[in-house]
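> Here is a sequence together with a model predicted from it:
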Amino acid sequence: MNTQIKFTFEGTDYVLEYSRETAQKTARKGLNLINLDNDFIGTVELLWAGAFLKNHRRVVNDKALLDEIYAKFPRKDELLETLIKMYLEPSQALMEEPDEDDEGNIKWGTD
Amino acid sequence: MGDGLSAVPPQKKTFAELFEECFPYYLSIGMTYDQYWRDDPTLVKAYRKADELRKQRINQEAWLQGLYYYNALCSASPVINALSKKKEPLPYIEKPLPIAKIAQEELRRQQIRKQQEGFAAFAAAMNERRRRRAQNDGY
(Lines give C-alpha, C1' and ligand atoms only; values in the text may rest on other atoms or scores of the structure.)
Protein backbone atom coordinates (compact mmCIF):
# COMPACT_ATOMS: atom_id res chain seq x y z
CA MET A 1 0.00 0.00 0.00
CA ASN A 2 1.39 3.44 -0.88
CA THR A 3 1.94 6.21 1.65
CA GLN A 4 -0.99 8.57 2.18
CA ILE A 5 -1.62 11.64 4.31
CA LYS A 6 -5.18 11.79 5.64
CA PHE A 7 -6.69 14.72 7.48
CA THR A 8 -9.84 16.75 7.86
CA PHE A 9 -9.92 20.47 7.29
CA GLU A 10 -13.06 22.57 7.77
CA GLY A 11 -15.33 19.56 7.51
CA THR A 12 -13.71 18.14 4.37
CA ASP A 13 -11.77 14.87 4.40
CA TYR A 14 -8.55 14.93 2.43
CA VAL A 15 -6.36 12.07 1.22
CA LEU A 16 -3.02 13.18 -0.19
CA GLU A 17 -1.03 10.72 -2.28
CA TYR A 18 0.92 10.43 -5.49
CA SER A 19 0.18 8.16 -8.41
CA ARG A 20 2.57 7.63 -11.29
CA GLU A 21 0.50 10.03 -13.37
CA THR A 22 0.48 12.83 -10.80
CA ALA A 23 4.20 12.37 -10.03
CA GLN A 24 4.90 12.76 -13.73
CA LYS A 25 2.68 15.85 -14.00
CA THR A 26 4.33 17.41 -10.97
CA ALA A 27 7.77 16.72 -12.43
CA ARG A 28 6.67 18.37 -15.68
CA LYS A 29 5.61 21.47 -13.72
CA GLY A 30 9.23 21.80 -12.71
CA LEU A 31 9.62 19.88 -9.47
CA ASN A 32 13.18 18.70 -9.04
CA LEU A 33 14.26 17.54 -5.58
CA ILE A 34 17.83 18.57 -6.35
CA ASN A 35 16.58 22.18 -6.07
CA LEU A 36 15.46 21.69 -2.48
CA ASP A 37 18.52 23.52 -1.18
CA ASN A 38 18.52 26.31 -3.77
CA ASP A 39 14.79 26.90 -3.98
CA PHE A 40 13.27 25.43 -0.83
CA ILE A 41 9.96 27.30 -0.92
CA GLY A 42 9.29 26.69 -4.60
CA THR A 43 10.13 22.99 -4.29
CA VAL A 44 7.94 22.51 -1.24
CA GLU A 45 5.05 24.35 -2.91
CA LEU A 46 5.19 22.02 -5.91
CA LEU A 47 5.50 18.92 -3.70
CA TRP A 48 2.56 20.03 -1.57
CA ALA A 49 0.29 20.94 -4.47
CA GLY A 50 1.21 17.78 -6.34
CA ALA A 51 0.00 15.65 -3.44
CA PHE A 52 -3.52 17.06 -3.91
CA LEU A 53 -3.61 16.38 -7.64
CA LYS A 54 -4.83 12.77 -7.49
CA ASN A 55 -7.86 13.13 -5.22
CA HIS A 56 -8.49 16.88 -4.88
CA ARG A 57 -7.85 18.34 -8.29
CA ARG A 58 -9.90 21.48 -7.70
CA VAL A 59 -7.88 22.47 -4.67
CA VAL A 60 -4.63 22.46 -6.63
CA ASN A 61 -5.48 25.78 -8.29
CA ASP A 62 -6.59 27.42 -5.05
CA LYS A 63 -3.24 28.63 -3.75
CA ALA A 64 -4.80 30.46 -0.83
CA LEU A 65 -6.46 27.29 0.45
CA LEU A 66 -3.29 25.26 -0.07
CA ASP A 67 -1.28 27.82 1.90
CA GLU A 68 -3.89 27.92 4.66
CA ILE A 69 -3.89 24.16 5.08
CA TYR A 70 -0.09 24.00 4.97
CA ALA A 71 0.20 26.70 7.62
CA LYS A 72 -1.99 24.70 10.00
CA PHE A 73 0.06 21.49 9.65
CA PRO A 74 2.31 20.80 12.63
CA ARG A 75 5.63 18.89 12.41
CA LYS A 76 6.61 20.36 9.06
CA ASP A 77 9.93 18.48 8.94
CA GLU A 78 8.05 15.20 9.16
CA LEU A 79 5.52 16.45 6.62
CA LEU A 80 8.26 17.31 4.14
CA GLU A 81 9.92 13.90 4.60
CA THR A 82 6.58 12.20 4.00
CA LEU A 83 5.84 14.27 0.91
CA ILE A 84 9.24 13.41 -0.57
CA LYS A 85 8.68 9.72 0.22
CA MET A 86 5.25 9.83 -1.43
CA TYR A 87 6.64 11.57 -4.50
CA LEU A 88 9.45 9.01 -4.94
CA GLU A 89 7.31 5.92 -4.32
CA PRO A 90 6.03 5.57 -7.92
CA SER A 91 9.58 5.38 -9.26
CA GLN A 92 11.06 3.37 -6.37
CA ALA A 93 8.34 0.72 -6.67
CA LEU A 94 9.64 0.00 -10.18
CA MET A 95 13.06 -0.97 -8.82
CA GLU A 96 13.62 -4.63 -7.95
CA GLU A 97 14.39 -5.31 -4.31
CA PRO A 98 16.42 -8.37 -3.35
CA ASP A 99 14.43 -11.05 -1.49
CA GLU A 100 14.46 -10.77 2.30
CA ASP A 101 15.95 -14.29 2.60
CA ASP A 102 18.79 -13.88 0.12
CA GLU A 103 22.05 -14.82 1.82
CA GLY A 104 24.10 -12.42 -0.28
CA ASN A 105 22.23 -9.32 0.93
CA ILE A 106 24.14 -6.57 2.68
CA LYS A 107 23.03 -5.90 6.24
CA TRP A 108 22.97 -2.20 7.00
CA GLY A 109 21.51 0.23 9.47
CA THR A 110 21.60 3.84 10.62
CA ASP A 111 23.08 5.24 13.83
CA MET B 1 43.64 5.71 -19.74
CA GLY B 2 43.13 8.67 -17.42
CA ASP B 3 42.10 8.56 -13.79
CA GLY B 4 38.64 7.10 -14.43
CA LEU B 5 36.97 10.32 -13.31
CA SER B 6 36.54 11.47 -16.84
CA ALA B 7 34.23 8.58 -17.71
CA VAL B 8 30.93 9.70 -19.18
CA PRO B 9 28.29 9.57 -16.43
CA PRO B 10 25.23 7.47 -17.16
CA GLN B 11 22.38 9.46 -18.61
CA LYS B 12 19.88 10.45 -15.97
CA LYS B 13 16.32 9.44 -16.68
CA THR B 14 13.38 11.70 -15.99
CA PHE B 15 10.27 10.33 -14.30
CA ALA B 16 8.48 10.43 -17.61
CA GLU B 17 11.18 8.39 -19.35
CA LEU B 18 11.39 5.82 -16.56
CA PHE B 19 7.62 5.37 -16.33
CA GLU B 20 7.19 5.14 -20.10
CA GLU B 21 10.02 2.63 -20.37
CA CYS B 22 8.53 0.28 -17.76
CA PHE B 23 4.92 0.64 -18.91
CA PRO B 24 4.96 -2.03 -21.68
CA TYR B 25 6.38 -4.68 -19.35
CA TYR B 26 3.59 -4.14 -16.82
CA LEU B 27 0.97 -4.17 -19.57
CA SER B 28 2.40 -7.50 -20.72
CA ILE B 29 1.93 -9.03 -17.28
CA GLY B 30 -1.69 -7.93 -16.99
CA MET B 31 -1.77 -4.45 -15.48
CA THR B 32 -4.24 -2.05 -17.01
CA TYR B 33 -3.48 1.54 -17.99
CA ASP B 34 -5.39 2.88 -14.99
CA GLN B 35 -3.74 0.52 -12.56
CA TYR B 36 -0.26 1.52 -13.71
CA TRP B 37 -0.76 5.28 -14.02
CA ARG B 38 -3.55 6.09 -11.58
CA ASP B 39 -3.84 3.46 -8.86
CA ASP B 40 -1.61 2.65 -5.90
CA PRO B 41 1.93 2.96 -7.34
CA THR B 42 3.19 0.08 -5.18
CA LEU B 43 0.84 -2.34 -6.99
CA VAL B 44 3.66 -3.08 -9.45
CA LYS B 45 5.47 -5.09 -6.76
CA ALA B 46 2.53 -7.50 -6.44
CA TYR B 47 2.31 -7.81 -10.23
CA ARG B 48 6.03 -8.63 -10.48
CA LYS B 49 5.69 -11.27 -7.78
CA ALA B 50 2.58 -12.69 -9.45
CA ASP B 51 4.49 -12.93 -12.75
CA GLU B 52 7.26 -14.88 -11.02
CA LEU B 53 4.71 -17.29 -9.52
CA ARG B 54 3.06 -17.69 -12.92
CA LYS B 55 6.40 -18.62 -14.52
CA GLN B 56 7.05 -21.14 -11.73
CA ARG B 57 3.62 -22.71 -12.30
CA ILE B 58 4.16 -22.95 -16.06
CA ASN B 59 7.52 -24.59 -15.46
CA GLN B 60 5.98 -27.04 -12.97
CA GLU B 61 3.21 -27.95 -15.43
CA ALA B 62 5.73 -28.51 -18.24
CA TRP B 63 7.75 -30.77 -15.97
CA LEU B 64 4.65 -32.72 -14.99
CA GLN B 65 3.65 -33.11 -18.64
CA GLY B 66 7.13 -34.47 -19.32
CA LEU B 67 6.66 -36.97 -16.51
CA TYR B 68 3.41 -38.23 -18.04
CA TYR B 69 5.09 -38.56 -21.44
CA TYR B 70 7.92 -40.49 -19.79
CA ASN B 71 5.40 -42.81 -18.09
CA ALA B 72 3.61 -43.37 -21.38
CA LEU B 73 6.84 -44.17 -23.22
CA CYS B 74 7.96 -46.55 -20.48
CA SER B 75 4.57 -48.31 -20.59
CA ALA B 76 4.73 -48.63 -24.37
CA SER B 77 8.44 -49.58 -24.46
CA PRO B 78 7.92 -53.38 -24.82
CA VAL B 79 6.04 -52.71 -28.03
CA ILE B 80 8.42 -50.05 -29.30
CA ASN B 81 11.53 -52.08 -28.59
CA ALA B 82 11.95 -54.52 -31.48
CA LEU B 83 14.27 -56.73 -29.43
CA SER B 84 11.85 -57.03 -26.51
CA LYS B 85 10.34 -60.47 -25.87
CA LYS B 86 7.22 -58.92 -24.40
CA LYS B 87 4.77 -57.89 -27.07
CA GLU B 88 2.16 -56.37 -24.83
CA PRO B 89 2.55 -52.83 -23.50
CA LEU B 90 2.69 -52.34 -19.75
CA PRO B 91 -0.38 -50.76 -18.23
CA TYR B 92 -0.39 -46.99 -18.14
CA ILE B 93 -0.65 -45.45 -14.64
CA GLU B 94 -4.24 -45.88 -13.41
CA LYS B 95 -4.66 -42.55 -11.66
CA PRO B 96 -3.23 -39.06 -12.11
CA LEU B 97 -0.02 -38.47 -10.17
CA PRO B 98 -0.84 -36.94 -6.80
CA ILE B 99 0.54 -33.45 -7.04
CA ALA B 100 -2.21 -31.54 -5.23
CA LYS B 101 -1.94 -31.27 -1.45
CA ILE B 102 -5.31 -33.04 -1.00
CA ALA B 103 -4.26 -35.95 -3.23
CA GLN B 104 -0.93 -36.26 -1.39
CA GLU B 105 -2.72 -36.31 1.97
CA GLU B 106 -5.07 -39.04 0.71
CA LEU B 107 -2.11 -41.08 -0.58
CA ARG B 108 -0.37 -40.78 2.78
CA ARG B 109 -3.54 -41.96 4.58
CA GLN B 110 -3.82 -44.96 2.23
CA GLN B 111 -0.19 -45.88 2.84
CA ILE B 112 -0.68 -45.71 6.61
CA ARG B 113 -3.86 -47.83 6.32
CA LYS B 114 -1.98 -50.44 4.27
CA GLN B 115 0.83 -50.52 6.82
CA GLN B 116 -1.66 -50.96 9.66
CA GLU B 117 -3.47 -53.79 7.83
CA GLY B 118 -0.15 -55.44 7.07
CA PHE B 119 0.91 -55.21 10.70
CA ALA B 120 -2.46 -56.54 11.90
CA ALA B 121 -2.18 -59.53 9.54
CA PHE B 122 1.39 -60.19 10.74
CA ALA B 123 0.33 -60.01 14.40
CA ALA B 124 -2.61 -62.37 13.73
CA ALA B 125 -0.29 -64.87 12.01
CA MET B 126 2.17 -64.75 14.92
CA ASN B 127 -0.62 -65.28 17.44
CA GLU B 128 -1.98 -68.25 15.45
CA ARG B 129 1.47 -69.85 15.30
CA ARG B 130 1.93 -69.34 19.04
CA ARG B 131 -1.49 -70.87 19.71
CA ARG B 132 -0.75 -73.94 17.59
CA ARG B 133 2.62 -74.44 19.25
CA ALA B 134 0.96 -74.23 22.65
CA GLN B 135 -1.62 -76.85 21.57
CA ASN B 136 1.09 -79.15 20.29
CA ASP B 137 3.07 -78.80 23.51
CA GLY B 138 -0.05 -79.74 25.45
CA TYR B 139 -0.64 -76.43 27.27
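Thanks, I have it. No experiment lies behind these values; they were computed from the predicted model shown.
> who's in contact with the residue nearest to the spatial centre of chain B?
Centroid-nearest residue in chain B: residue B:60, 4.8 Å away (criterion: Cα atoms, centre = their mean). If you count contacts by Cβ atoms under 8 Å, 6 or more residues apart in numbering or on different chains, residue B:60 has none. Using the backbone N, CA and C atoms, a C-beta is placed for each residue, glycine as well.
> Does it lie in a helix or a strand, and which?
Secondary structure assignment for residue B:60, by DSSP states H and E: helix B:43-80.
> If you count neighbours, what's buried in the helix ranked longest in chain A?
Scanning chain A for the helix with the most residues, using DSSP state H, yields helix A:76-92. For helix A:76-92, the neighbour count (16 or more other Cβ atoms under 10 Å in any protein chain shown) marks A:79, A:80, A:82, A:83, A:86, A:87, A:88, A:89, A:90, A:91 as buried.
> Is the third one in contact with residue A:3, as I believe?
Meaning residue A:82. Yes: if you go by Cβ atoms under 8 Å, residue A:82 and residue A:3 touch, sitting 6.5 Å apart.
> angle of the helix holding residue B:60 against helix A:76-92?
30 degrees (axes from the mean of the first three to the mean of the last three Cα atoms, to 10 degrees).
> hang on, the earlier thing: take the buried residues of helix A:76-92 and write them to JSON lines, including pLDDT and distance to residue B:137.
Listed next are the buried residues of helix A:76-92 as JSON lines, based on pLDDT from 0 to 100; distance: Cβ to Cβ, whole Å:
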{"residue": "A:79", "pLDDT": "94", "distance to residue B:137": "97"}
{"residue": "A:80", "pLDDT": "94", "distance to residue B:137": "98"}
{"residue": "A:82", "pLDDT": "95", "distance to residue B:137": "92"}
{"residue": "A:83", "pLDDT": "95", "distance to residue B:137": "96"}
{"residue": "A:86", "pLDDT": "95", "distance to residue B:137": "92"}
{"residue": "A:87", "pLDDT": "95", "distance to residue B:137": "95"}
{"residue": "A:88", "pLDDT": "94", "distance to residue B:137": "91"}
{"residue": "A:89", "pLDDT": "93", "distance to residue B:137": "88"}
{"residue": "A:90", "pLDDT": "94", "distance to residue B:137": "90"}
{"residue": "A:91", "pLDDT": "91", "distance to residue B:137": "91"}
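> from these, which are also near chain B?
A:89, A:90, A:91 (Cβ under 8 Å from any Cβ of the partner chain).
> Tell me how far the second one lies from residue B:42.
Meaning residue A:90. Residue A:90 sits at a distance of 9 Å from residue B:42 (criterion: Cβ to Cβ, to the nearest Å).
> any idea how far residue B:41 is from the closest residue to chain B within chain A?
Residue nearest to chain B within chain A: residue A:90 (3.8 Å; Cβ to the nearest Cβ). According to Cβ to Cβ, residue A:90 stands 4 Å off from residue B:41.
> Name the residues contacting each of these two.
A:18, A:19, A:20, A:23.
> ok, and the closest non-adjacent residue to the third one?
The shortest distance from residue A:20 to any non-neighbouring residue, by Cβ to Cβ, 6 or more residues apart in numbering or on different chains, is to residue A:90 (4.3 Å).
> Spit out the contact partners of that neighbour.
Here residue A:90 is in contact with A:18, A:19, A:20, A:23, B:15, B:19, B:41 (Cβ under 8 Å, 6+ apart).
> From residue A:72, how far off is the fifth one?
This means residue B:15. In terms of Cβ to Cβ, residue B:15 sits 30 Å off from residue A:72.
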